[in-house]
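> Here's my sequence, what's the structure:
(4 chains)
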There are 2 protein chains.
Amino acid sequence: MSQRQITFPQRECADCPIRHRAVCARCESDELEQLEAIKYYRNYEAGQTIVWAGDKMDFVASVVHGVATLSQTMEDGRRQMVGLLLPSDFLGRPNRDRVAYDVTATTDLQLCCFRRLPFQELLGSTPHVSQRLLEMTLDELDAAREWMLLLGRKTAREKIASFLSIIARRDAAQSQPAKGHGVAFDLPLTREAMADYLGLTLETVSRQMTALKNDGVIKLDGKRRIIVPDFAALMDETGDDADGGVLS
Amino acid sequence: MSQRQITFPQRECADCPIRHRAVCARCESDELEQLEAIKYYRNYEAGQTIVWAGDKMDFVASVVHGVATLSQTMEDGRRQMVGLLLPSDFLGRPNRDRVAYDVTATTDLQLCCFRRLPFQELLGSTPHVSQRLLEMTLDELDAAREWMLLLGRKTAREKIASFLSIIARRDAAQSQPAKGHGVAFDLPLTREAMADYLGLTLETVSRQMTALKNDGVIKLDGKRRIIVPDFAALMDETGDDADGGVLS
DNA sequence: GTTTGACCTTGATCTGGATCAAGCGAGCCC
DNA sequence: GGGCTCGCTTGATCCAGATCAAGGTCAAAC
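Got it, this is the predicted structure:
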């Protein structure tokens, strides 16, 4: 599936916010020093809310490990997740001091934070960092648009299958070099959080998980561990085209 | 109709792709010359498809006037709109030569195009342009996330009301400085395109439009012209909080 | 080892929006 | 003028997923 993952020399932006997805090979050492000076780590535990919509946020960050979500809530309590941040994803918006969404850690989480104001200055002075950030934001926009198709047009079963395949893919990229066709992973979200992701209720999520299990598409080991015996069979349930879409 | 619009000296990026939303006061004249050299206009008529998903696209562009949509289609024909481009919006992705979505003109449309490769070079050499593009992309991401809430959690009536208020707002920003409380505008989309935007069927769109009309929230003048006697009453139907959210 | 509470599953029922099916009005071509 | 097509409305029916309501499981707390 995906590739053997590039290994990279330690001198290259080990903690640069643009490090995780692709090695930033262009950072000069003085830029690294600047980043180093404004960098600090923060840890959160599962379930903890990092910031609430409307709060001030004086940092931007890169997810080191764990999972965080962005979500919006309506007055009457209806809730929709609008972002899922896995390791290497970026959190926060330069030039904006308030967040528009609740940010929650759904597993134990470590962030690599950068003080926002100096980070913004850095953006101004090092074009390749802002270009990399643009690239990442455009990727996120593409992901958001696929998510829209899911929310607007997919059936409950397709939504679940799509979600599982997204997690499987991201997880495989992190941990193992995606062997033949089977994969296994832990769900980083409760059934309720999955429902918030997918625009469903938690009961429907539970029922469709059971249905996929009964149909042999997935196996469950406990509530959270998922085994996918045949990844292609899962993909068939997503409703997506066979060819995975457009790449750069 | 138009325009109260900020007037700006001709030297300031009259055709810079970042012109429309906010005047780019920082362009130097040599940058303007560079932009000028790679710029050309293209016109499309209502209904025309500009590019299909997977096609090559060798330009990026700014919408001058008219409306374009981005949409995704599943194998079985289910279709979801994932982007709505109004005047001043940006189309295309630097560093990617294929488009991921069908791009369609839904009204007569004029684009101000820039050849992609030289535009990319310009991005590398003029940081403030890439920063402005990052800013615009982040705005689009915010809009996409609000759209997700709409698709995942809102009722049909709330979806219609939200859509109308979005168009009304964008239209008002263009043409008139939003007087007291009433507004009027033309829908730039057919009922079917609205359905694709909102994750509904065209029949449901039609019924909910009729319902809003019967409830006095809107008036119809023909099929396309909408009169909103009391904008606040329309907003009450959207399901959104009263305070319009977070701004920079 | 019992209680508690967070998560999850399952069942019964309801309903908002999809689907299927006419029909209408206005512009356009012959 | 007549027929056509396109965009839209309206009606009747259906069904996927929501809602309401129990239970079950398991680990931590007492």
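> what's the weakest-modelled helix or strand in chain A?
For chain A, counting by mean pLDDT, DSSP states H and E, helix A:29-37 ranks last in confidence among helices and strands (a mean of 71).
> The next helix-or-strand element following that one pairs with which strands, and in what direction?
Following helix A:29-37 in sequence order, the next helix or strand is strand A:39-44 (DSSP states H and E). Sheet pairing for strand A:39-44, assigned by DSSP bridges, gives strand A:109-115 (antiparallel).
> can you give me the mean pLDDT across the strand it pairs with?
When pLDDT is averaged over strand A:109-115, the result is 91.
> Just the buried positions in it, please.
By neighbour count, with 16 or more other C-beta atoms under 10 Å in any protein chain shown as the criterion, the buried positions of strand A:109-115 are A:109, A:110, A:111, A:112, A:113, A:114. Placement of C-beta: from N, CA and C, glycine included.
> Next: stretch A:199-211.
Residues of stretch A:199-211 classed as buried under the neighbour-count rule (16+ other C-beta under 10 Å) are A:199, A:200, A:204, A:205, A:206, A:208, A:209.
> does any part of it sit near DNA strand C?
Yes. Residues of stretch A:199-211 contacting DNA strand C under C-beta under 7 Å from any atom of the strand: A:202, A:203, A:205, A:206, A:207, A:209, A:210.
> who touches that stretch?
Around stretch A:199-211, the neighbours that count as contacts under C-beta atoms under 8 Å, 6 or more residues apart in numbering or on different chains are A:80, A:151, A:156-157, A:159-160, A:190-192, A:194-195, A:198, A:218, A:220, B:151-153.
> switch the cut-off to 6 Å
Here stretch A:199-211 makes contact (C-beta atoms under 6 Å, 6 or more residues apart in numbering or on different chains) with A:151, A:156, A:157, A:160, A:191, A:192, A:194, A:195, B:152.
> Next: stretch A:141-156.
Defining contact as C-beta under 6 Å, 6+ apart, one finds that stretch A:141-156 is touched by A:159, A:162, A:199-200, A:204, A:208, A:239, B:72, B:78, B:80, B:82, B:141, B:144, B:148, B:151-152, B:199.
> out of the residues you listed, which are inside helices?
Residues from the contacts of stretch A:141-156 lying in helices, with DSSP state H as the criterion: A:159, A:162, A:204, A:208, B:141, B:144, B:148, B:151, B:152.
> Select only the buried ones of those in PyMOL?
Entered in PyMOL, the line below selects the buried ones among those, by 16+ other C-beta under 10 Å:
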select buried, (chain A and resi 159+162+204+208) or (chain B and resi 141+144+148+151+152)
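> Flag every buried residue along the helix or strand hosting residue A:138.
Residue A:138 belongs to helix A:127-153 when assigned by DSSP H and E. Of the residues in helix A:127-153, those with enough neighbours to count as buried (16+ other C-beta under 10 Å) are A:127-138, A:140-153.
> can you check stretch A:91-107 too?
Residues of stretch A:91-107 classed as buried by neighbour count (16+ other C-beta under 10 Å): A:91-94, A:96, A:99-107.
> could I have it exported to CSV, CA atoms only?
Listed next in CSV are the C-alpha coordinates belonging to stretch A:91-107 (Å, rounded to 0.1, in the frame of the first residue of the first chain):
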residue,chain,number,x,y,z
LEU,A,91,-3.4,22.3,15.3
GLY,A,92,-4.1,26.0,15.4
ARG,A,93,-4.3,28.9,13.1
PRO,A,94,-1.7,31.6,12.6
ASN,A,95,-3.0,35.1,12.8
ARG,A,96,-6.1,34.2,14.8
ASP,A,97,-6.1,34.2,18.6
ARG,A,98,-9.4,32.5,19.2
VAL,A,99,-10.4,28.9,18.2
ALA,A,100,-13.6,28.2,16.4
TYR,A,101,-14.1,24.6,17.6
ASP,A,102,-13.8,22.6,20.8
VAL,A,103,-10.5,20.7,20.8
THR,A,104,-10.5,17.5,22.8
ALA,A,105,-8.0,14.7,23.4
THR,A,106,-9.7,11.4,22.8
THR,A,107,-6.7,9.4,23.8
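> close to DNA strand C, is it?
No. Stretch A:91-107 does not reach DNA strand C (C-beta under 7 Å from any atom of the strand); its nearest approach is 9.4 Å.
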